[in-house]
Each structure stands twice: as structure tokens, then as C-alpha cells.
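Colleague: Sequence and computational prediction follow.
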Amino acid sequence: MKVAFLDAVHPILQTRLSENGFICSDKQKVSRQNIIQGQLCETEGIVLRSRLTIDSELLKCMPRLKWIARSGSGLENINLEEARNMGVKVYNSPEGNRDAVGEHVLGMLLMILHKLRSCDESVHEKVWDREKHRGTELSSKTVGIIGYGVMGTSFASKLAGLDCEIIAYDKYKTGFNSDLVKEVTEKRFFEQSDIVSIHVPWTDETKGLVNRIWLNKFSKPIILINSSRGAVVNTNDLLDAMDEGKVKSIALDVLEFEGRSLEGLDSYKNSAAKNTLKRLLNSPNVYLSPHVAGWTTESYVKLSTYLADKILKDFKKTS
């Protein structure tokens, strides 16, 4: 079975596939146009992250394709319906970075509540202001998780033992009420949440989910954290809500202004986007990281390990 690696992943995936008879090749420089021209027409498996969008056009240019392996959780750059119609299996590995994401989100939340960024900066400047840095305990808060899949569940598990109330709402999942998390209706979610953590996939439905209308539904001011995809949040609306006192602090590991490759900030098509980004970067109650919530030494290995397990389970006997 011929496998093309379109992006860099941990080498354990290639090693394990090669050990089981797969013929692996480095195709990180292959472009969309190259694929259209037929360079992968003999390929039976592809491994990728986010560099290329595998739409119906590209899928038809790989007629022998049997599977696609996406390192990570998001599948927004793959036409899942067309892949299914063509009999192409699609694998992802959210299990590989769920612990990393859960820990990162918890870290951002604790940094906000205990003013750790300001504390550190203040002492480095030889200012010893204790009252200014009086923190807030997580145990006094209700943490609302929207989207209770692999990542939402991981974050809930990291909160366990911190004595906070944990509630979750998922439009497409029910029956997950447990000792760890309380399943609530959307209405109750808006009423009870002090802290909101976003864990939904990037789809046509979730694009711009966090907008003025959505934010106005909360009964009290919230802290909002997003580690899913930047496009889920309308940044300008979120900043307006903060100016109006409806949002107290914002923590974003992902930005609306990221390129589709997730490797940096995209060019801006209009001055409004530039102004919104400038406003975001200049806001003292905004905490940012460069899409690294799931980006740890351990997750780098685990993302590929889980993919190898899944692929070999289905294709080892025929490789």
C-alpha cells in the first residue's frame, strides 16, 4: 500500500507503517496543482495536517485512495461526504492531544483568575502590590463547557478535584450526565455559566457561533476561553461584549485571523479586520497563545501513535 505524507508528523507513524509493509514517501512539497496533475494517482493512503484542503476535486484525482489520516482532531479540511461516497476511510486522532488541550485551557483559566501574568510582570518590575493581585478561586465558579466531545471531556477531567461546578451543553450529544459533569439545557447553560470554554468543531453551523446575539444570552458576565478554532468566534462582537461588561476576560489559543494552514496569521483583506486584530492585541484582559493548546512533546508522539493503531487495525492484514 502506497502512502503519501503530505505534512510533517512524528516519525513513529511512518516507522510503524513501514514495518508492516506500507510503502511510505515524503510528499510535503506536493501542491494542490501537483495532485490535480496526477502525482498521487497511485496513492492508497495519505497523511496530513492542515496544509491542504482535500475537497472533491482532489479526491477524484486520487482514484486508488483507501484512507486519509488527519493528525489531530479537526476534519474541516476534508470533504467527509465525498470521501464517504468514494469509500475512503477518514481517521483523526483527538485522543492524542486531549490531555494537552485540557491542561492548556486550565492553565489559561488559572492565569486569569489569579492574575498570574500581571503578578509576574509586576514583581519583575520590582513592584510589590499584593492587593492589586488578589485572585479569585475557581471553586466559587460554575464552569460551562460547550461541546462535550473528546476535548470538552478532557477539560472537565482536569477540573475534577478543584471543587468548581462543571456543566456542559452539547447540541448533538445527550445522556452524559455524571459525577464529573452536569448535563444542562442550552437555557440553563446561559443562566448558570461564570466561565465558558468552547470545544466545538469548525463547521458551517459553528462558524461565528460566538457573536453578539449568543453573548447577549448570558445572565451574568463571563470569562470566555476558546481552544477549538478561531472561526467559531466573531472577534469584534466578543470585544464589544467585553467593553460592555458582558465579558470580563478572554483567553484565545486560536484566532479568527489564522490562515487555513493554522501556521500563522493570514493577510487581511480589509481595514476592519486589521483594526479588530489591533484592538484584540491591545486589550489588557485578553490572553493569547499561538494555537498550541494541543502542541506538546507528548502529544506529538501520541497523535501519530493513535493514527498508526487505527490504520493498522483496519489495513494490516491487506498491507
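Modeller: Okay, I see it.

Colleague: And the pLDDT at Asp99?
Modeller: Here, the pLDDT recorded for Asp99 equals 98.

Colleague: give me every residue that touches it.
Modeller: Ser154, Glu298, Ser299 (Cβ atoms under 8 Å, 6 or more residues apart in numbering). Every C-beta, even on glycine, is put in place using the N, C-alpha and C of the backbone.

Colleague: same deal with Asp309?
Modeller: Taking Cβ under 8 Å, 6+ apart, one finds nothing in contact with Asp309.

Colleague: just Ile54 next, same as before
Modeller: Ile46, Leu48, Ile68, Asn77, Ile78, Asn79, Ala83 are the contacts of Ile54 under Cβ under 8 Å, 6+ apart.

Colleague: Might one say that Trp67 is in contact with Met86?
Modeller: No. Shown here, Trp67 and Met86 do not form a contact pair, counting by Cβ atoms under 8 Å, at 11.0 Å.

Colleague: Give me the more crowded residue out of those two.
Modeller: The neighbour comparison of Trp67 against Met86 (other Cβ atoms under 10 Å) goes to Trp67, with 20 against 15.

Colleague: Residues in a beta bridge with the more buried one, which ones?
Modeller: Beta-bridge pairing of Trp67 under DSSP bridges involves Gly45, Lys89.

Colleague: and it, how far is that from Asn177?
Modeller: According to Cβ to Cβ, to the nearest Å, Trp67 stands 35 Å off from Asn177.

Colleague: Going along the chain, name the strands of the stretch 101-250 of the chain.
Modeller: Applying DSSP state E, counting those that start in this stretch to the stretch 101-250 of the chain gives strands spanning 142-146, 165-169, 182-183, 195-198, 222-226, 247-252.

Colleague: Can you add distance to Gly208 and give the ones you listed back as CSV?
Modeller: Output for the strands of the stretch 101-250 of the chain, formatted as CSV (distance: least, Cβ to Cβ, whole Å):
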stretch, distance to Gly208
strand 142-146, 14
strand 165-169, 18
strand 182-183, 25
strand 195-198, 12
strand 222-226, 12
strand 247-252, 15
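
Colleague: mind putting the ones you listed in TSV, mean neighbour count and distance to Gln39 included?
Modeller: Shown next, in TSV, are those (neighbours: other Cβ atoms under 10 Å; distance: least, Cβ to Cβ, whole Å):
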stretch	mean neighbour count	distance to Gln39
strand 142-146	25	41
strand 165-169	22	45
strand 182-183	16	48
strand 195-198	24	38
strand 222-226	25	37
strand 247-252	22	37
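
Colleague: Turn these into a markdown table, including mean pLDDT.
Modeller: Listed next are the strands of the stretch 101-250 of the chain as a markdown table, based on pLDDT from 0 to 100:
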| stretch | mean pLDDT |
| --- | --- |
| strand 142-146 | 98 |
| strand 165-169 | 98 |
| strand 182-183 | 98 |
| strand 195-198 | 98 |
| strand 222-226 | 98 |
| strand 247-252 | 98 |
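
Colleague: Inside helices: which ones of the contacts of Ile54?
Modeller: When these are checked against helices (DSSP state H), the matches are Ala83.

Colleague: Name the nearest of the contacts of Ile54 relative to Arg260.
Modeller: Arg260 lies nearest to Asn77 out of those, by Cβ to Cβ, at 6.9 Å.

Colleague: Phi and psi next, for that closest one.
Modeller: In terms of degrees, to the nearest 10, the main-chain angles of Asn77 are phi -100, psi 20.

Colleague: tell me, how many neighbours does Glu121 end up with?
Modeller: Number of residues near Glu121 (other Cβ under 10 Å) recorded here: 11.

Colleague: give me every residue that touches it.
Modeller: Glu121 makes contact with no residue, according to Cβ under 8 Å, 6+ apart.

Colleague: Do a quick rundown of the helices in the stretch 151-300 of the chain.
Modeller: Assigned helices in the stretch 151-300 of the chain, in chain order: 186-192, 212-215, 235-243, 271-281, 297-315 (criterion: DSSP state H, counting those that start in this stretch).
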